[in-house]
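**Student:** for reference, the sequence and a predicted model appear below.
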Amino acid sequence: MSDISVIRDNQDEHFYSLAVEELKNGNFSQALWDKALAKSNFDEAQAKGKYVELRVEQLKDEILEDVENEIQMEEMQGRLNDHENGIEELVKLKNQSLFANVFSNPIFIIEVLIVAALIGVNYESWWYFVGVIFALVIIMTIPILNHLVSVGLAGVFGMTAYHYGTEWWGETGGYWFGGIVFLAMIGANFEIITKNKEAGDVVHSHKDALNEMRMELKQVKAENTSSENASVSSVSLVLVDPGKHIIRAIKCVRELTGCGLRTGKDLVENAPSIILENITEDEAVKAIALFENDGVKGANLEIKPTVR
C-alpha cells in the first residue's frame, strides 16, 4: 500500500464525523444529498447513511488530490534543486575548459610566446612578457574580443611570413608562405573559439531548461493557490429556520434559486437546508437582505463555507 493510500485511509474516522456533523448542522452539499436520495429510492433515513458514505469517499479523493499535489511540487522542487547544483558544477567545468582549450592549442601558445617575447625584449621587462601572455589568454575566453585578437594575431604573423617569404622565394613565394601561415594561425585560433562556444552553449541550454522548470513549478503553485482561494471564498447560504411566515419564505427561496413550488416548499419545510451553494459572501448577504425586505420575520439564515 502506498503512503498516499495510508494517509487516505487513516482519516476515515475524521471524515465520518465530519459528514455526520454536516447533516446535523444542515451544512451539506445539496447535489450530493440529491444523489444519496436517488440511490436510496428517496427514503430519507437511508439517504442519510448513503450521504455519509458518498461524502467520506469525496473527502478521501480531496485529500488524495491535495497530497498528490504536494508530492508533485516537492518532486519538482527537488529536481529544480538538483538542476541548479548541476548548473553550478557545469559553470565551474566550463570556466576550466575555457583555459584548458587555450593551453591545449600548441599553435596559439607559440603565437602568444613570440608576441610576448618581442614585446618583453622591446621594453626590456619580464613584466611585459608575463603581462602579454596573461592578457592574450584571458582575451581568448571573452566572446567578440577573442575574434578580434584571433584575426589580428593571424594577420600579424601572415604579414611577417609574407615579408620573409618574399625575401627568400620572391613575391609569389611570399604570398604563398604568408597565406599558409595566416590560415594555419586563424584555424588554430578559431578552433579555441569554437570549443569555448560549445562549452558555453551546454551551460546555456541547461539554464534554459532550469528556467522552464521554474516556470512550471510556479504555474503549479499558482494553480494550487488559486484552487485553495476559490474554495475559501466560496460560501453556502443555509436556511436554518424559516420562521412563522412559511409562504413568504417559500416565495423568497423560489426567487433566489429559480426552483419550482414543490422544491421550494421542500427546502423550507425540511430546514435546515442549503438554498444556495458556491456563491460569494456578498451574494449571500444580499440574499439574506431579500428575506428581511420581504417580511420573512423570524427566519434564521447562516453563511457557511461551501462543502466541496
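**Tutor:** Received, thanks.

**Student:** okay, CA-based contacts and neighbour counts for the rest of this
**Tutor:** Fine.

**Student:** where are the low-confidence patches of the stretch 101-250 of the chain?
**Tutor:** Along the stretch 101-250 of the chain, the parts satisfying pLDDT under 70 run over 210, 217, 220-233.

**Student:** ok, which stretches of it are helices?
**Tutor:** Assigned by DSSP state H, counting those that start in this stretch, the stretch 101-250 of the chain shows helices spanning 106-123, 126-139, 145-233, 246-257.

**Student:** contacting residues around the shortest one?
**Tutor:** This means helix 246-257. 242, 259-261, 264-265, 267-268, 275-276, 287, 290-291, 294-296, 299 (C-alpha atoms under 8 Å, 6 or more residues apart in numbering).

**Student:** then the second one?
**Tutor:** By C-alpha under 8 Å, 6+ apart, the surrounding residues in contact with helix 126-139 are 99, 102, 112-113, 115-117, 119-121, 145-146, 149.

**Student:** so what are the structural domains in the chain, by residue number?
**Tutor:** 1-93, 105-228, 234-308 (automatic domain parsing).

**Student:** let me have the ones you listed in TSV, extended by mean neighbour count.
**Tutor:** Output for the domains of the chain, formatted as TSV (neighbours: other C-alpha atoms under 10 Å):
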stretch	mean neighbour count
domain 1-93	15
domain 105-228	17
domain 234-308	18
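
**Student:** hang on, Y175 packs against Y162?
**Tutor:** Yes: with contact defined as C-alpha atoms under 8 Å, Y175 counts as touching Y162 (5.7 Å).

**Student:** quick check, I275 in a strand?
**Tutor:** Yes: checked against DSSP: H, G, I helix; E, B strand; the rest coil, I275 lies within a strand.

**Student:** residue contacts, it?
**Tutor:** I275 neighbours (C-alpha under 8 Å, 6+ apart): S236, L237, V238, L239, V253, T257, L267.

**Student:** I'd like these written out as JSON lines, with distance to P106 added.
**Tutor:** Formatted as JSON lines, those follow (distance: C-alpha to C-alpha, whole Å):
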{"residue": "S236", "distance to P106": "80"}
{"residue": "L237", "distance to P106": "83"}
{"residue": "V238", "distance to P106": "86"}
{"residue": "L239", "distance to P106": "89"}
{"residue": "V253", "distance to P106": "91"}
{"residue": "T257", "distance to P106": "86"}
{"residue": "L267", "distance to P106": "92"}
